[in-house]
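Colleague: have a look at this fold, sequence not included:
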């Protein structure tokens, strides 16, 4: 699973998920991209499941770029724990996705194969997405 090697603070606040994405909203590496249309948290496990699905769908053709990284720690308490005792331990890492953020990019594969792979990968993500392609 993806997670930071080290961080300045072990636990973070939950934060707000306002606004739309301006950075990371255009294709930088590939010909096709999977772009988020809603906001949410995507965990490292969900990203890995979607990446595996795309890799399997491309069948050794094409190159994949993951444009986001899960660097936000999410804490959780054990089930059945009483109140108090401080904040829970880090259970997973997530990336905050805002509308417009490109999650995956693919190059070197046919459009219909990439479309099918992105459709299967979108099922594994908790945000709605759409496929975009490079103009020109």
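Modeller: Received the coordinates, thanks. What you see is a predicted model; the values in this text were computed from it and never measured.
Colleague: and the lengthiest strand in the chain, how far from the chain's centre?
Modeller: Of all the segments of type strand in the chain, defined by DSSP state E, the longest one is strand 89-97. The chain centroid and the centroid of strand 89-97 are separated by 11 Å under Cα atoms, centre = their mean, to the nearest Å.
Colleague: same check on stretch 45-52?
Modeller: On the basis of Cα atoms, centre = their mean, stretch 45-52 is displaced by 8 Å from the centre of the chain it belongs to.
Colleague: what's the answer for stretch 90-109, then?
Modeller: In terms of Cα atoms, centre = their mean, the gap separating the centre of stretch 90-109 from the centre of its chain is 3 Å.
Colleague: OK, contacts around residue 11?
Modeller: 73, 75, 87, 90 (Cβ atoms under 8 Å, 6 or more residues apart in numbering). For the C-beta atoms, the positions are set from N, CA and C on the backbone; glycine is no exception.
Colleague: from residue 44, how far off is it?
Modeller: Noted for residue 11: a distance of 17 Å to residue 44, by Cβ to Cβ, to the nearest Å.
Colleague: mind listing the helices for this protein?
Modeller: 44-58, 111-123 (DSSP state H).
Colleague: any idea how far residue 87 is from residue 30?
Modeller: Following Cβ to Cβ, the distance that separates residue 87 from residue 30 is 39 Å.
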